[in-house]
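S.K.: Need a 3D model of the sequence below.
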Amino acid sequence: MQTSALEVLIDISTANCDGGRVKCSENALKLLWKLPRDEYFQKIEYTYFKDTVEKQWREFCEGYEDYQKDKVKKITFYVFTNLFLATNQKERFQAWETIVNYAYDSMVQELAQSKCHALIMTKLEYKSLVRDLVPFVKLNVVLKSLELPCKNMITLKSMLQELNEHIVSPALSREDCYEIIAAKLGTDDVDLINYEVDYLDSSLGFMGEYAKLKILVYRLQKEETHKFFIKLVPQVIDELRGGWLKISVRKEAELYLRFIAMARKLGFEKVSKFAPECYLQSKSFLAFDDAAVDNYQSPSFIDFDYKHLSTVFKEMAKLHSTSLLVEHKLAALSGVKKTLDEHFPEMLTEMFIHDSSDAFTACNLRTMQKHAERFPEIAKDMPMDEFQSRIKTRIYSKIYSGFRKSKKYVNVICNGDVWWKNMMFKWDDNKNPIACYLIDFQMCRYVPPALDLLVLTHVCTNIETRQKYLPKLLDEYYNHVKTNLEQYGFNTEEVFPYDDFISSVEELKPCAVYIATQNRRVIFIPSERLEKMKSSPEEALHFFTVDREYLYDEVWDQMPLHRIREDFQELYWLCLKESTMQTSALEVLIDISTANSNGGRIKCSENALTLFWELLHDEYSQEIEYASMKRAIEKHWKEFCDNYQEYQKDAVKNITFHVFTNVFLVTNQKERLQAWNSIVNYAYDSLVQKQAQSKLHALIMTKPEYKSLVRDLIPFVKLNVILKSLELPCKNTVALKSMLQELNEHTVSPALSREDCYEIIAAKLGTDDVDLVSFKVDYLDSSMGFMGEYAKLNILVNRLKKEETHKFFIKLVPQIIDELRGGWLKISVKKEAELYLRFIAMARKLGFEKVSKFAPECYLQSQSFLAFEDASVDNYQSPPLEDLDYKHLSIAFKEMAKLHSTSLLLEHKLAALSGVKKTLDEYFPEMLTEMFIHDSSDAFTACNLRSMQKEAERFPEIVKDMSMEEFQNRIKTHVYSKIYSGFRKSKKYVNVICNGDVWWKNIMFKWDDNKNPIACYLIDFQMCRYVPPALELLVLTQVCTNIETRQKYLPKLLDEYYNHVKTNLEEYGVNVEEVFPYKDFISSVDDLKPCAVYIATQNRSVIFIPPERLEKMKSSPEEAMHFYTVEKEYLYDEVWNQMPLHRIREDFQELYWLCLKD
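M.R.: You can find the predicted model right below:
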């Protein structure tokens, strides 16, 4: 299945999670165990599998009611059940990440639209939910498959195998392996055959558990095995380490998936390769390259020699250089100097070094003071109790601040936990180290780099090695940093001065001594005893927060006491000395701007406006009409200043204003054109993640709402950017002229911006590799439309070294409109946008490209306009208000057959995809909201009825067999009562999506040289409905032809129409008689004729009002409201003799025949 079809399946499942029976019946479980073991349970340990599945089933049934109550779980369970039922392993593998991301985006839009903001979670939280639900989804899919009349045995075997994988290796799923292998290979064009998880000795890590993962794939016609290292969150752990783990997993994931990823986006690829690649992160594991495959291993020895230290220092120089480079690049991008702890606050949360009231810290200090007594010979120049006291009062009080961000020295991101288990070496044949990786960043900090270097040398060497080699190692390290920075054009002395670095080494040495003394005694506990302690949550909590002496008493003689004594010796010297201690780059820009929206002064000063007017008299004012520009800008500025405090209070506006001010300050026109859609989408996604993470759910809006907000803010952003630029000491003249031109465009054409044109032209050409030179908006005669206003848009671009003009048709929401049509407009814009951007888009995703081309292309939709291809460029035009002949009707019927066929095909395909038979009004409820046909108590309807009854009096000669009063009464009681239901979804006939408003102005024809129609487009779907297709055909013939044409050609036209539908459906393998029976179609024509007669009679009088008078009425909100809801006769009296009365009489004649027939 194509990814586009999967997206459709996700869309419909998300929107319709209440439909269909998702949970299978109890009997299905019994059917499972009746399957032949030899055939279905090969390579499965049957008894264990059965026990586990029945346990899962009980757990699933017990939790099912909770799933139903939890909207997010319910939607997700429904979506993924449908996905697994409709896809095979390979299809899921090739699109898994897309599936999960698309499901998340669909859910966010659904919840935001439904105002269920509190339910919105972050993408990581959602991925975790999917991971938790997938085993139950697979079990449900297996059991549901057993209930199907036609079982797909291959799929059933495959799904049983996947379910067994969850049972054998619950920590990782096949879907996790999909993501891991796709990230590793950079492609999903492989077959995943199987995977295997081998759990490692858990004494390897202080908090985590570890495993090796092997994934067997088939690629390029051969099998390949890829190996990975998995860091797992233990299932059983004490409360203290459990709390640490929640933080540490997030810290390490942030470092790999945000910090390193950001460094690489910014171009620092080479210098950021200091650790194995991380391919996937969840709340329960991290998946890395298995560095052992390339012969990397953690060392087994305690003391490092010079060569090993030198190799590690080089890698730490890469880590610290990456930190310096990212920090300075972000400052250059954003124009705001911020430190990395402000960009990554969660990643750099301190886990272990707290004040002495913290239980873990207090236990550390008590143990250290107690252990000092084990070496009484050390304390020669002070009493033991004084030494013990100074460990806390003199040393720890300074250590605490030393492990915090320094106010004196340059800070960088450090590993924070450097010891021999947290690095991996690669050796040559002579056991000389030739390469190294840093691993385990769960304690990473933002501190001076000297701290990492000193801790490494104190934990992993002896005094002799430190004294001999440390000065040389520090110089080597600094030179590595210098090389790293200078290859990217940075001056090391400016960024990281050597003298400050050496000074920090001296000041931070006590921190390293303290950490070595604290940690080394835990490190040296024999692994078997350490593992026993860690595996008991009660003992571990006691050991880490209450008392450690009991365990040290057990193992003291098994530990390298000379090394522990060395630590206390250095600690004593410190106490004696009483040393003192001082306390893709746009995405990155959006990330940092979103996270730091309150930083920096965004609004410029009042003085900049004065500078602005001086500039406009000089060379900057070319092609700008100064007076109108000045008026508009002063109005903008006043509005901006009036609203600025509101922007500051409104978190979303504040962040968005901040983000886009930064984006415009650091990019040029072409950069924005080539990335505009990505910029807005990424800004939205970043904002949603920030709000979900901060639990600010009520602030989350839908993506269309956010795009509308951006559109509203952009003129103010551009004005602010210009004024801020004028305050800079070095002005970019070219950029300033360009931005002035853009601001002038907003003044001249406020309805559309350059950014709108970016999106329109990129959608039209299918590429953003163009230069947008200029654009022009020409407003058209507003009498063209009943509710909207119209314009032509010309966009001049430079592409392939030549200029091209592209033309578009714009439908605008009027700025001034009466209350009634204003209400309609809110609905109609949404209806038409839904039809183009969801209904037609969905049809094309599902492969119905050809049949869905019944209307001009729509390239962009906002709350204030729709942008279409300009069909007049290809010689399409709306016909004059004259009767359409057979040829024109035949062409129009053919296009309506396309629209209706698309509706039938889509409904049929969605039922096949989802396994649930639903009608399109259930998939597109907003699009198919009825706007105009309401009961007779509605003011608009009541006015229409009164007007029609009054107009009947103008044709007394047609009323021969009843009184005029009876005729007028029957218009309401006999005809309208049936009309109301006729314009609703039929329970008797097949329904399709119809245009809902077919008349001359809503059809565009193309003619040959002899004025014969050769093609046609349907336009204006703002009144679209879900009704029998006959209604559309009858309204067109009733409104746009005369009685003679209808009587002569309607039967032939109906047969032609049906044959077109038949051809369209059969091209896609759908039997027309099963979907849309001919007899029912003809029957519906007879039943629905009164509706067409009524609509023609109601609308034609309005249609034939002379355009000048119609426009005058529409342009006055008061008169328009009166005309549509109170009385129409006053206007008809004015213009009656200017209207084609024979056509209006014809309508009333047919209306009379209906009343007579009843």
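S.K.: can you tell me the distance between the two ends of stretch 418-431?
M.R.: One end of stretch 418-431 to the other measures 21 Å (Cα to Cα, to the nearest Å).
S.K.: where exactly do the helices run in the stretch 501-650 of the chain?
M.R.: Taking DSSP state H, counting those that start in this stretch to define them, one finds helices in the stretch 501-650 of the chain at 527-535, 537-545, 549-555, 561-577, 586-595, 607-616, 626-649.
S.K.: least reliable of those helices going by mean pLDDT?
M.R.: For the helices of the stretch 501-650 of the chain, mean pLDDT drops lowest on helix 607-616, to a mean of 54.
S.K.: how far is stretch 55-71 from where the chain is centred?
M.R.: The chain centre lies 28 Å from the centre of stretch 55-71; the measure is Cα atoms, centre = their mean, to the nearest Å.
S.K.: Give the buried residues for it.
M.R.: Gln56, Trp57, Phe60, Tyr64, Tyr67, Lys71 (16 or more other Cβ atoms under 10 Å). (Glycine included, C-beta is placed from N, CA and C.)
S.K.: same question, stretch 295-310
M.R.: Using 16+ other Cβ under 10 Å as the test for burial, stretch 295-310 gives Tyr296, Ser298, Pro299, Ile302, Phe304, His308, Leu309, Ser310.
S.K.: now, which of the residues you listed sits nearest Trp824?
M.R.: When the buried residues of stretch 295-310 are compared for distance to Trp824 (Cβ to Cβ), Tyr296 wins out at 68.0 Å.
S.K.: one step back: need the max-distance pair from the buried residues of stretch 295-310.
M.R.: Farthest-apart pair in these is Tyr296 and Ile302; separation 19.1 Å (Cβ to Cβ).
S.K.: element containing Glu804?
M.R.: strand 802-812 (DSSP states H and E).
S.K.: what do you get for Tyr218?
M.R.: Element membership for Tyr218 (DSSP H and E) is strand 209-219.
S.K.: For that strand, give me every contacting residue.
M.R.: Applying Cβ atoms under 8 Å, 6 or more residues apart in numbering, the external contacts of strand 209-219 come out as 171-172, 177, 180-181, 185, 189-202, 204, 223-234, 287, 290.
S.K.: Quick one: buried ones out of these?
M.R.: Neighbour-count burial (16+ other Cβ under 10 Å) applied to those gives 171-172, 177, 180-181, 190, 192, 195, 197, 202, 226, 228-234, 287, 290.
S.K.: Where strands are concerned, which of the residues you listed count?
M.R.: Using DSSP state E, the subset of the buried ones among the contacts of strand 209-219 located in strands is Leu192, Tyr195, Val197, His226, Phe228, Phe229, Ile230, Lys231, Leu232, Ala287.
S.K.: for these, which one is nearest Ile247?
M.R.: Here the nearest of those to Ile247, counting by Cβ to Cβ, is Lys231; it sits at 14.6 Å.
S.K.: shaky segments in the stretch 751-900 of the chain?
M.R.: Residues of the stretch 751-900 of the chain meeting the criterion pLDDT under 70: 782-788, 815-823, 825.
S.K.: For it, just list every one of the strands.
M.R.: Ranges of strands in the stretch 751-900 of the chain, per DSSP state E, counting those that start in this stretch, are 771-779, 789-799, 802-812, 858-861, 865-869, 876-877.
S.K.: Please work out which residues outside the last one touch it.
M.R.: Contacts with strand 876-877, where a contact means Cβ under 8 Å, 6+ apart, come from Pro856, Met1004, Phe1005, Lys1006, Ala1015, Tyr1017.
S.K.: In contact with the closest residue to Leu213 other than its chain neighbours: list those residues for me.
M.R.: Setting aside the residues directly before and after it, Leu213 is nearest to Phe228 in space (Cβ to Cβ, 6 or more residues apart in numbering), at 4.2 Å. Each residue near Phe228 by Cβ under 8 Å, 6+ apart is listed here: Ile180, Lys184, Lys212, Leu213, Lys214, Ile215, Tyr279, Ala287, Phe288, Asp289, Asp290.
S.K.: From those residues, list just the buried residues.
M.R.: For those, a burial check counting by 16+ other Cβ under 10 Å picks out Ile180, Lys184, Lys212, Leu213, Ile215, Tyr279, Ala287, Phe288, Asp289, Asp290.
S.K.: between the residues you listed, which is nearest Lys370?
M.R.: Nearest to Lys370 among these: Phe288, at 38.6 Å, using Cβ to Cβ.
S.K.: show me the residues around that closest one that make contact.
M.R.: Contacts for Phe288 (Cβ under 8 Å, 6+ apart) come out as Phe228, Phe229, Ile230, Lys231, Pro276, Glu277, Cys278, Tyr279, Ile439.
S.K.: Now for this protein, the helix or strand with the poorest mean pLDDT.
M.R.: helix 607-616 (a mean of 54; mean pLDDT, DSSP states H and E).
S.K.: mean confidence for the helix or strand where Val141 lies?
M.R.: According to DSSP H and E, Val141 maps onto helix 123-147. Helix 123-147 carries an average pLDDT of 88.
S.K.: for the helix or strand following that helix, which positions count as buried?
M.R.: Going down the chain from helix 123-147, the next helix or strand is helix 153-168, by DSSP H and E. Buried residues in helix 153-168, counted by 16+ other Cβ under 10 Å: Thr155, Leu156, Met159, Leu160, Gln161, Glu162, Leu163, Asn164, Glu165, His166, Ile167.
S.K.: Would you mind pulling up the elements that the helix or strand containing Leu1156 packs against?
M.R.: Taking DSSP H and E as the definition, one finds Leu1156 inside helix 1141-1157. Using 3 or more Cβ pairs under 8 Å, 6 or more residues apart in numbering; DSSP states H and E, the elements in contact with helix 1141-1157 are helix 939-952, helix 964-970, helix 1078-1103.
S.K.: Let me know the angle separating the last one from helix 1141-1157.
M.R.: Angular relation of helix 1078-1103 and helix 1141-1157 on a 0 to 180 degree scale: 130 degrees, by axes from the mean of the first three to the mean of the last three Cα atoms, to 10 degrees.
S.K.: show me where pLDDT drops low in the stretch 51-200 of the chain?
M.R.: Where the stretch 51-200 of the chain drops to pLDDT under 70, the residues are 67, 149-152.
S.K.: let's go with 80 and repeat that
M.R.: Flagging of the stretch 51-200 of the chain using pLDDT under 80 yields the residue ranges 60-69, 147-155.
S.K.: Start and end of stretch 405-415, how far apart?
M.R.: End-to-end distance of stretch 405-415 (Cα to Cα): 14 Å.
S.K.: What residues sit buried inside that stretch?
M.R.: Neighbour-count burial for stretch 405-415 [16+ other Cβ under 10 Å]: Lys405, Ser406, Tyr409, Val410, Asn411, Val412, Ile413, Cys414, Asn415.
S.K.: Outline the domain layout of this structure.
M.R.: Following the TED database, the chain resolves into domains at 1-14+23-168, 249-274+306-578, 624-734, 828-1156.
S.K.: Contacts for the helix or strand hosting Met107, please.
M.R.: According to DSSP H and E, Met107 maps onto helix 96-113. Contacts with helix 96-113, where a contact means Cβ under 8 Å, 6+ apart, come from 3, 6-7, 10-11, 14-15, 71-72, 75-76, 79-80, 83, 92, 117, 119-120, 123, 126-127, 130, 175, 178-179, 182, 188, 688, 700-703, 705.
S.K.: of those, buried ones?
M.R.: Neighbour-count burial (16+ other Cβ under 10 Å) is assigned, among the contacts of helix 96-113, to 6-7, 10-11, 14-15, 71-72, 75-76, 79-80, 83, 92, 117, 119-120, 123, 126-127, 130, 175, 178-179, 182, 188, 688, 700-703, 705.
S.K.: would you turn the domains of the chain into CSV with distance to Asp769?
M.R.: Listed next are the domains of the chain as CSV, based on distance: least, Cβ to Cβ, whole Å:
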stretch, distance to Asp769
domain 1-14+23-168, 23
domain 249-274+306-578, 21
domain 624-734, 7
domain 828-1156, 17
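S.K.: Those domains: lowest mean pLDDT?
M.R.: For the domains of the chain, mean pLDDT drops lowest on domain 624-734, to a mean of 79.
S.K.: Check the gap between the residue nearest to Arg711 when sequence neighbours are not counted and Val777 for me.
M.R.: Excluding the flanking residues, the one nearest Arg711 by Cβ to Cβ, 6+ apart is Ser862, at 6.1 Å. Distance of Ser862 to Val777, given as Cβ to Cβ, to the nearest Å: 14 Å.
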